[in-house]
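> Build me a model from this:
(one chain, ligands or ions: 1)
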Amino acid sequence: MADIIVVGGGTAGVVLASRLHQQRPELSILLIEAGPDVTNHPHVSNPAEAALLHFSDLDWKYMTVPQKHLNGLPRYNCAIKGLSGGSIINTGGWIRGDALDYDEWARQVKDERWSYSGLLPYFKRSEQHFDPNADPTQHGFDGPIHTASVSASGRKFRLRDTVFKLWSHLGLQYVPDANSGHPQGIADLVENWRDGKRQIASSVYPLNGVTVLTNTLVRRILLNSERVAEGVELANGEMHMVKLGGQVVVSAGAYRTPQLLLLSGIGDPSHLSEHGIQTSVSLPEVGKNLHDHMMLFRYWKLRHPDKGLALGSPSFAGPNFEKGGPVDWLVTTPIPTATLKVAIEKDEGPVSDDHVLLKGPRSHLEMNLLYAVFGAETQGLQIPLDGNSIMTYYMGCLPTSRGSVTIGSSDPAAPPIIDPNYYATETDKHVMREGFRMHSRLMFDTPEGKELVVEEYTPPGLPTLGLNASDEQIDQRIKLGGSTVFHPGGTAAMGSVVDGSLKVKGVRNLRVVDASVIPQPLASHYQVAVYAIAEQAVDIILSESF
Ligand SMILES: Cc1cc2nc3c(=O)[nH]c(=O)nc-3n(C[C@H](O)[C@H](O)[C@H](O)COP(=O)(O)OP(=O)(O)OC[C@H]3O[C@@H](n4cnc5c(N)ncnc54)[C@H](O)[C@@H]3O)c2cc1C
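Model prediction:
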């Protein structure tokens, strides 16, 4: 019997188990992970090899249901099955996001622990910030995760200054530290590679002293008749119980945490009965509220490829290029609110200027330019990685479309049914179209853009789009090429499924700690938030339950 069972040894689960043991070594902690320990896996340490992990045995390989608003086609949504979860494959962007988003989260759930200042000690606790002279009120210097900005890593790309000037045409300024709650502007991208190598969660949050079961799938959480979590049942029928007063924590990620709750009889009774599952706790919001960021890649032909400006060119070489991605700047921007308001009103009816997406200004879009081309085939394009081309992307940071995770069977090994419902709202369409137009203006209508690229590669069958592209034409492009940024959240949302202490409503001794609890989108990439959620969860669990 354990004091605490953590289900899911992903990013959050590993942090939780490691820190719980570190702070209270006398507690027995059992961590159960469906996938293997990847410590000696050949393609994990080098971030450039992450592409080889997609569709591998370490990938749950999810496909969404056909996306109604994306030409009725499904989308591939990767999630990792392995000890350390998403930290095994992620792209290393260390992007805390905008304080306003966390403050809005705290306001919504009426719990200051989830505001920016509430989470700040935990952001700091997880990081070993690269700049020893950075503001100590914002950064940690002795946490487990090493970070580095592009310049701190020593990478010097030839286009750095040109691209900075390009982004400046958006009216944005240089931000010396975008990871201090105010990211809007042009910032040096920060990554969590250490000397160019990946730090998976379990390599920096040690699990010595924690009992770890790998390659072990959990079927359900065992609740007694008083709705107290007493343990878990594995897919092979074995049971593991917690001691009296012990805790079960679900950290199975935003797709499989709701699946596990549903398989345990916690969810919408009518959905559960469709699969012959008896309802233990009626909690209709389980699996609802799925939010995910969507992005669009655009591909550009360089005007002077002979200058060795992009990956693939033999002369694209520089000091420390292996220390991170072929990228310089991270750009975060609001969009004009007058036209955004019109779009919001199409979805919601009349709104005031105090609307949450209008106040701020909020961080509506994130953008980037890469000295490389990846993933063009998903838009039907064949662009060799030969140094002739570059790409840009932009991400809608605060989408209002919401989808769901449901179950199609009571088999725990079956994939959950994932419907992100991308691009459903007028608000999301407006924001994504704005991003498209901004990129077109930068490339076609600024001195730096004209000098940088000759033309855009247009997906087969679609017209070349210039500065006067219509909404319909832009929609065609987004419906074809829009894809996930791999940031699902919200499926066991704080406020509706769990309370501010991460306890599942209506159940005792059961918590959720992972990206599922994030109630609404954050203008960030979610690993920083997930590390901080797990760090804070340790303090909450130890102060309330042991
Ligand atoms: C391709 C990709 C790129 C990304 N890039 C970035 C980036 O650059 N920057 C950034 O900040 N974020 C990025 N992310 C997102 C980030 O990695 C995730 O938000 C984060 O890992 C989520 O953590 P989690 O603990 O919620 O879930 P996960 O890390 O997914 O962990 C869930 C774990 O639970 C296990 N599990 C599930 N069901 C069961 C079960 N029934 N029994 C036992 N175990 C189970 C899974 O196998 C998995 O290991 C990326 C993600 C992906 C997939």
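
> So what's the gap between the top strand by length along the chain and the chain middle?
Ranked by residue count and defined by DSSP state E, the top strand of the chain is strand 239-250. Chain-centre distance of strand 239-250: 29 Å, with CA atoms, centre = their mean, to the nearest Å.

> likewise stretch 445-462?
29 Å.

> Please identify the buried residues of it?
For stretch 445-462, a neighbour-count test (16 or more other CB atoms under 10 Å) marks 446, 448-449, 452-453, 456-459 as buried. All C-beta atoms are positioned from the backbone trio N, CA, C, and that covers glycine.

> Can I get stretch 439-451 in CSV? Just the C-alpha atoms.
Listed next in CSV are the C-alpha coordinates belonging to stretch 439-451 (Å, rounded to 0.1, in the frame of the first residue of the first chain):
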residue,chain,number,x,y,z
HIS,A,439,2.7,38.0,-42.2
SER,A,440,1.6,38.9,-45.8
ARG,A,441,2.2,42.6,-45.0
LEU,A,442,5.6,41.9,-43.5
MET,A,443,6.8,39.8,-46.4
PHE,A,444,5.3,41.6,-49.3
ASP,A,445,5.2,45.2,-48.1
THR,A,446,8.3,46.0,-46.1
PRO,A,447,11.9,46.6,-47.3
GLU,A,448,13.2,43.7,-45.2
GLY,A,449,10.5,41.3,-46.4
LYS,A,450,11.0,42.1,-50.0
GLU,A,451,14.8,41.7,-49.6
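
> any idea how this structure splits into domains?
Residue ranges for each domain of the chain read 2-92+201-290+487-545, 131-191+294-398+423-481, as given by automatic domain parsing.

> Nearest to Asp103, out of the ones you listed?
domain 131-191+294-398+423-481 (9.3 Å; CB to CB).

> what's the first-to-last distance across that closest one?
37 Å (CA to CA, to the nearest Å).

> what does stretch 230-249 give?
11 Å.

> residues in contact with it?
1-7, 13, 16, 30, 32, 216-224, 229, 412-413, 509-513, 537, 541, 545 (CB atoms under 8 Å, 6 or more residues apart in numbering).

> Just the buried ones from those?
2-7, 13, 16, 30, 32, 216-223, 229, 412, 509-513, 537, 541, 545.

> nearest to the ligand, of the domains of the chain?
The ligand sits nearest to domain 2-92+201-290+487-545 of all the domains of the chain, at 1.6 Å, using CB to the nearest ligand atom.

> can you tell me if the closest one touches the ligand.
Yes - applying CB under 6 Å from any ligand atom, one finds that domain 2-92+201-290+487-545 is in contact with the ligand at 7-13, 32-35, 78-82, 85-87, 89-92, 217-218, 251-254, 256, 260, 487, 514-515, 525-528, 530.

> next one: stretch 330-349 to chain centre, how far?
Taking CA atoms, centre = their mean, one finds stretch 330-349 lying 22 Å from the centre of the chain it belongs to.

> tell me which residues in that stretch are buried?
330-335, 337, 340-341, 343-344, 347.

> anything in it near the ligand?
No - interface with the ligand: stretch 330-349 contributes nothing (CB under 6 Å from any ligand atom), its closest point being 10.8 Å away.

> Check stretch 365-378 too.
No - figure legend: stretch 365-378 not in contact with the ligand (CB under 6 Å from any ligand atom); closest approach 10.9 Å.

> tell me which residues in that stretch are buried?
Applying 16+ other CB under 10 Å to stretch 365-378 flags 365-374, 376 as buried.

> One more: stretch 93-107?
Neighbour-count burial for stretch 93-107 [16+ other CB under 10 Å]: 93-106.

> Run through these and flag the ones next to the ligand.
Okay, of those touching the ligand (CB under 6 Å from any ligand atom), that's 93, 95.

> Let me know the closest of the buried residues of stretch 93-107 to Arg477.
Nearest to Arg477 among the buried residues of stretch 93-107 is Gly93, at 23.8 Å by CB to CB.

> ok, for that closest one, nearest residue in space, not its chain neighbours?
His525 (4.5 Å; CB to CB, 6 or more residues apart in numbering).

> per-residue pLDDT, the one you found?
pLDDT, His525: 98.

> from what I can see it touches Ala515, true?
No - using CB atoms under 8 Å as the test, His525 is too far from Ala515 to be in contact (10.9 Å).

> Return the member of the buried residues of stretch 93-107 nearest to Pro521.
Of all those, Asp101 has the smallest distance to Pro521: 7.6 Å, by CB to CB.

> following the helix or strand encompassing the closest one, which helix or strand shows up next?
Assigned by DSSP states H and E, Asp101 belongs to helix 99-109. In the C-terminal direction, the helix or strand that comes right after helix 99-109 (DSSP H and E) is helix 116-126.

> Convert that next one to PDB, retaining C-alpha atoms only.
Extracted in PDB, the C-alpha atoms of helix 116-126 (Å, rounded to 0.1, in the frame of the first residue of the first chain):
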ATOM      1  CA  TYR A 116       0.600  35.000 -11.900                       C
ATOM      2  CA  SER A 117       1.900  36.100  -8.500                       C
ATOM      3  CA  GLY A 118       0.400  32.900  -6.900                       C
ATOM      4  CA  LEU A 119       2.300  30.700  -9.400                       C
ATOM      5  CA  LEU A 120       5.500  32.800  -9.500                       C
ATOM      6  CA  PRO A 121       7.300  31.000  -6.600                       C
ATOM      7  CA  TYR A 122       6.700  27.800  -8.600                       C
ATOM      8  CA  PHE A 123       7.900  29.200 -11.900                       C
ATOM      9  CA  LYS A 124      11.000  30.200 -10.000                       C
ATOM     10  CA  ARG A 125      11.300  26.900  -8.200                       C
ATOM     11  CA  SER A 126      11.400  24.900 -11.500                       C
END
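
> you'd agree Ile5 is up against Leu30?
Yes - checked against CB under 8 Å, the pair Ile5 and Leu30 is within contact range at 4.8 Å.

> tell me the contacts of the closest residue to Val498 other than its chain neighbours?
Leaving aside its sequence neighbours, Val498 sits nearest to Val512 (CB to CB, 6+ apart; 5.1 Å). By CB under 8 Å, 6+ apart, the contact list for Val512 reads 249-251, 257, 261, 492, 497-498, 502, 504.

> The buried residues of stretch 330-349 into CSV, with extra columns for distance to Glu434 and secondary structure?
Converted to CSV, the buried residues of stretch 330-349 look like this (distance: CB to CB, whole Å; DSSP: H, G, I helix; E, B strand; the rest coil):
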residue, distance to Glu434, secondary structure
Leu330, 18, strand
Val331, 13, strand
Thr332, 14, strand
Thr333, 9, strand
Pro334, 10, coil
Ile335, 5, coil
Thr337, 11, helix
Leu340, 8, helix
Lys341, 13, helix
Ala343, 9, helix
Ile344, 13, helix
Asp347, 16, helix
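
> ok so, going back, so of the buried residues of stretch 365-378, which ones are in helices?
Among the buried residues of stretch 365-378, none falls in helices (DSSP state H).
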